[in-house]
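Visitor: sequence plus predicted model, see below.
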Amino acid sequence: MKNGLLFGTAGTPLSTENPQSTIKGIRRIRELGLDCMEMEFVRGVNMGENTARDVEQVAIENGIKLSAHAPYYINLNASDQQKLHDSRQRILQSARICAVCGASDVVLHAGFYLKNTPEKAYKTIAKQLTQLSDILRAANTNVTLRVEVSGKESQFGSLTEVLTLSTDIDGIAPCIDFAHQHAKGGKDNTYDEFVIILKRVEKRLGRHGLDNLHLHVSGVEYTDKGEKKHLNLRQSDFNYVDLLRALKDFDAKGRIICESPNLEEDAVLLKQTYMAMS
């Protein structure tokens, strides 16, 4: 992959003429000198197939790689069968429209522990993800489901859980949110700690894992319970320079999606900082 990493925004850039338009957002990404965009389906998948085909064509014309974030209202550990059914459908709907768009990955929050032990929650969520992956593969829907590292202690998705799911289930891969990882305890914010994380990825997923990263980066405000809200990078304590240095030293490849409130400003900052490293 050229330059190792691609940089983009979580959703259409704020400076897009019509921020509600995915197509205009893709063109704005290109104008900004960025490389990719994560479409945000966080409140529901409201894109039809005709629009999705147009999105694919514009992305190809502009050389922009696409992924998507599934709706937030997902809990694959839900005891309520209707909530579980709805969660499954939101994931499948996201993946199917992504396939039409030419998007390669769907990021999702897998669920909450609720009253279950982490071990029991893992078994339940792994079972659901296995079934969903099988459904997508049977339909030749060539989309990877990426389970995101969570930012709150109550939420399923520790780095260990996400990496284990990615080794246990075909069609599942990690989305490592470094701000979320940092928010849980205020650690994982130095060069050496970032190296440890990348080594864990390589140990579990091999070189392929480091060549196909999907990362979220932003500043973050946190409490003893974890993530509170996203911040702009320069308004936070997140050590993005050392993260980029570690990624460069590992010759990591894939995508960095910026989730800072100022979106494209920090996405451009990340890319410029990375490109300036020797």
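Guide: That came through, no problem.
Visitor: look up how far L145 lies from the residue nearest to R43 when sequence neighbours are not counted.
Guide: With sequence-adjacent residues excluded and distances taken as CB to CB, 6 or more residues apart in numbering, R43 is closest to P71, at 6.5 Å. Every residue, glycine included, has its C-beta placed from N, CA and C. With distances taken as CB to CB, to the nearest Å, P71 is found 13 Å from L145.
Visitor: kindly report the same for L210.
Guide: 19 Å.
Visitor: what do you get for V106?
Guide: The gap separating V106 from L145 is 6 Å, by CB to CB.
Visitor: how about A99?
Guide: Separation of A99 from L145 (CB to CB) stands at 12 Å.
Visitor: looking at the two, which one has more neighbours?
Guide: More crowded of A99 and L145, by other CB atoms under 10 Å: L145, with 25 against 19.
Visitor: name the SS class of the more buried one, please.
Guide: Recorded secondary structure, L145: strand (DSSP: H, G, I helix; E, B strand; the rest coil).
Visitor: ok, it - contacts?
Guide: L145 is in contact with I91, A95, D105, V106, L108, L129, L132, S133, L136, G171, I172, A173, counting by CB atoms under 8 Å, 6 or more residues apart in numbering.
Visitor: same thing but 6 Å
Guide: Applying CB atoms under 6 Å, 6 or more residues apart in numbering to L145 gives the contacts V106, I172.
Visitor: around Y73, how many other residues sit close by?
Guide: When neighbours are counted by other CB under 10 Å, Y73 registers 13.
Visitor: and if you look at D168?
Guide: 12.
Visitor: just the element for the residue nearest to it when sequence neighbours are not counted, please.
Guide: Sequence neighbours aside, A126 is the residue nearest to D168 in space, at 6.2 Å (criterion: CB to CB, 6+ apart). Assigned by DSSP states H and E, A126 belongs to helix 118-138.
Visitor: kind regards, and thank you for your time.
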